[in-house]
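# A predicted structure for the sequence below; I have some questions about it.
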Amino acid sequence: VQLQASGGGLVQTGGSLRLSCAASGTIFTIYPMGWYRQAPGKQREMVATITSGNTPNYADSVKGRFTISRDNAKKRVYLQMNSLKPEDTAVYYCSQWSTTNSQYHYWGQGTQVTVSS
């Protein structure tokens, strides 16, 4: 499984970014996908996940601002981020669930999101 995240960058407070993650080497349609982030000096945390049936789940800190979606035909998962805040600054990773490991097991390389105040 290979995951390639893109779309990060530098944006001002209140701005928007759309992250994209391309998956390969996987039967993409049957697995939940997720976006996680890790800020400097902090542990990696869940941002949003989406089931194979398109049911989303969000961290409380991003509810109402972020939207996760997936395009099974393109094997891509997206994270639309609106009303960005400085505390959203982090490296964002996409991940795929592993049935064997019963956890998010496969990780992309990460894309940096920086929100300036």
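Everything's here; your move. Numbers count the residues shown, from 1 in each chain.
# contacting residues around the residue nearest the centre of the chain?
Residue closest to the average C-alpha location in the chain (CA atoms, centre = their mean): Trp35, at 2.4 Å. By CB atoms under 8 Å, 6 or more residues apart in numbering, the contact list for Trp35 reads 19, 21, 46-49, 68, 77, 79, 92-95. No exception for glycine: its C-beta is placed from N, CA and C like everyone else's.
# just the buried ones from those?
The neighbour count (16 or more other CB atoms under 10 Å) marks Leu19, Cys21, Val47, Ala48, Thr49, Ile68, Val77, Leu79, Tyr92, Tyr93, Cys94, Ser95 as buried among the contacts of Trp35.
# state whether the fourth one is indeed within a strand.
Yes: counting by DSSP: H, G, I helix; E, B strand; the rest coil, Ala48 is located in a strand.
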